[in-house]
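> Could you look at this predicted model? Sequence included:
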Amino acid sequence: MTLIKHTLSRLVLIFTGFMLAVSFVHIYMVNTALTNQSTTYLQSKLDYLATLLPNQIQVDDMIDPDIQAGLQKLLKPTPELSAVLAINNDRYAVTPTIHSSSQSLLGMFLDIPTLSISRQLQLNNGDIARLTVELPPSKRERLLQQIFVQYLLLSSIVFIVMLVIGGWLLSRKIKPIADIATQADLIQGNQFKTITSNDSSQEALSITTAINHMVNQLEMNFRLQAKEAVKLKDQAYRDNVSGLGNRQFFITQMNSWQTGEAKGGVIILKSTLIDDIYQQSGYEKGDDFVKRLAEGININIIHGDASIARLSYDEFAVIAPNITEKKLKAIGESLLTVHDKLQKSIQNETPDCVHIGLLMVNQQTPSSQLLAQLDNVLAMAVQNPQEPYAIADSNAKPLSLGRQQWKSLLIEAIDQNKIEYHYQPVADENDAIQHFEVFSAIQTPSERYSAAQFLGAIEDVGAGVLLDRHVIAFHINRLNADHTLDPISINLTGNSVSDPSFIRWLTQILEKNKQLSKRLCFEIPESSFIRTPDACGLLCSAIRFYKFRFGVDSFGRYFNSLEYLTEFRPDYVKIDFSYTHQLNDHAKINLLSSICRTAHSLNIMTIATRVETETQLDRLSDLFVSGFQGYIIEQQYNKSQKKHRTSLANQF
């Protein structure tokens, strides 16, 4: 459309200049013709007066007033003329009875002169008289102006008609090129759409066919890459029967969880009914029961960051970070209900065939030790026929605050400005800092609570929006106050992503601070793109509208298609720690390379999180990872800053 407008505007300028030039030439030619006609007319009038004047004037018998009257009588039929009769030393002048108006702009531009012709006459008494006849320019100006107006109207109509027809023809001819330009923009934005052309010419059809073929190939390649990534992920981490994660997935998620603030709960479910069905009804019935049980578990786990896996032949496990003991028990009871309903549906009366162990975790613990503790608590449940589930803790200080207490503590911290921030750098492969991720914490007189400790609790009561608003407002004020600060990224909770009022609030904030679009970005958890795509779409549209950036946090955690990337098109993704841990595993390396390649093909920056060692950094650099974040990156940044400060100090 821009090409058509640009070309049409050029044609309008050319046509306008051409029409003006033709108009001026035409008016000049008309003026010349009118001058020639007026000269001929004036000559005929002079001949007429020269013939009648000697007979009309008897100088010897008339006095001067009679000569004047006679001259006026002869000029009366032509009131626009003026005449001067010179006899000896006497002059007799007759002015036109029709007075000309003030000179028009057209007359001033063309410089229309007064026409004058003189002739000597011999009177009856033998005297010689000189007669001069003049035609003022007013009549020619009026005629010229009428002709000019008529020509201007006619040429304007022709010009408009030609412009409309030319624009229509031009748009038809240029439409294929404009469609190609539009398609090129869409391809750059990874939107694969074919184009159609109304132009039936061979050239337009050839170009359209070629572009559509290329678009189809690009779309097919992307889908194949996405399917390959999902397939590799399935092979490495998915249980083929249940569709849930396998034991390797569970251990990987547990290791990732234990490297941070390892607080929350773990659930293990063991069903002896599974083995009975396999033994009595065969593998088809057994597989069907496992699938239905897995679906029931998955549906009833409503905790946002939960990870579900099939540990073994007849065991399922759940990791629920930042969960309270009360809610952990509620989940355990719901899983018992799911199993009981399935058992009744197959009319099996086997008693005590399901047991559940619940383990509260309050400190970092090796995965092997946690698995051993799970086995112990499951054994406790098996030993107690009256109670099908048992609960224990990891012998650490339990969480002392409930969900409402965490909410009250958060509100108090916001009101008293007791929220502290830590900034972790993100560097690209060239060691250039891309942004700093903001980590929040609540500081009380007696203790410091990191976000990992209270985030799950405040999201359970919908208070995540309060935290996000405070963090965003604080850092917008800070960025506006200090223009030397590097770009920062702020994590958004699931509460905020699905809250329409927060989206409206953020839209207003972004509109007022458009100048910060290059220095502020937002990170949205992958679970929001999967579970609430509509709300996530509204939020991403608001961020994109004001040219801010956003990324995906915990990318690759869920066993879902990666095709949501084409719809939301984030600026970067932060790979879940489970894929960047233990890089000695060949299957894990292939999976990491595949999901990174999928994002890389869409020009999306891939960032590895929790990069702790030089060895890990070197191995990740060989894959399609273009950004790094973690202890080693923060350490390198601090060293470079210290070196820079030392260098400045030495200069002074």
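Yes, it's here. Numbering: from 1, shown residues only.
> Quick check: what element follows the worst-scoring helix or strand of the chain on mean pLDDT along the chain?
Among the helical and strand segments of the chain, the one scoring lowest on mean pLDDT, DSSP states H and E is helix 105-110, with a mean of 57. The element immediately downstream of helix 105-110 (helix or strand, assigned by DSSP states H and E) is strand 115-122.
> From the contact counts, what lies against that following strand?
helix 2-56, strand 128-135 (3 or more C-beta pairs under 8 Å, 6 or more residues apart in numbering; DSSP states H and E). In short, each C-beta sits where N, CA and C put it, glycine included.
> and that strand, how far from the chain's centre?
Chain-centre distance of strand 115-122: 83 Å, with C-alpha atoms, centre = their mean, to the nearest Å.
> which neighbours does it have in its sheet, and in what orientation?
strand 128-135 (antiparallel) (DSSP bridges).
> what pLDDT, on average, does the partner strand get?
What strand 128-135 shows for mean pLDDT is 80.
> any idea how far that strand is from the chain center?
In terms of C-alpha atoms, centre = their mean, the centre of strand 128-135 is found 84 Å from the chain centre.
> Also stretch 9-23?
The answer for stretch 9-23 is 39 Å, by C-alpha atoms, centre = their mean.
> Going forward, the N-terminal residue is numbered 46.
Yep, numbering from 46; the last one is stretch 54-68 now.
> Can you pull out the residues in contact with the one helix or strand Ile503 maps to?
Using DSSP H and E, Ile503 sits in helix 496-505. By C-beta atoms under 8 Å, 6 or more residues apart in numbering, the residues outside helix 496-505 that reach it are 305-306, 308-309, 348-350, 366-369, 372, 444, 446-448, 451-452, 454-455, 484-487, 509, 511-512, 538-540.
> hmm, which of those residues are the buried ones?
Neighbour counting by 16 or more other C-beta atoms under 10 Å classes 306, 308-309, 348-350, 366-369, 372, 444, 448, 451-452, 454-455, 485-487, 509, 511-512, 538-540 among the contacts of helix 496-505 as buried.
> Let's see which of these end up in strands.
309, 366, 485-487 (DSSP state E).
> Just give me the closest of those to Asn257.
Pro366 (47.5 Å; C-beta to C-beta).
> re the thing from before, can you say which of the helices and strands packed on strand 160-167 is nearest to Ala271?
The nearest among the helices and strands packed on strand 160-167, by C-beta to C-beta, is helix 47-101 at 32.9 Å.
> That closest one vs strand 160-167, what angle?
Angular relation of helix 47-101 and strand 160-167 on a 0 to 180 degree scale: 10 degrees, by axes from the mean of the first three to the mean of the last three C-alpha atoms, to 10 degrees.
> and helix 47-101, how far from the chain's centre?
Taking mean C-alpha positions (C-alpha atoms, centre = their mean), helix 47-101 and its chain are 57 Å apart.
> and if you look at stretch 533-543?
That offset, for stretch 533-543, works out to 19 Å (C-alpha atoms, centre = their mean).
> avg pLDDT for stretch 333-342?
92.
> so how far is that stretch from its chain's centroid?
In terms of C-alpha atoms, centre = their mean, the centre of stretch 333-342 is found 41 Å from the chain centre.
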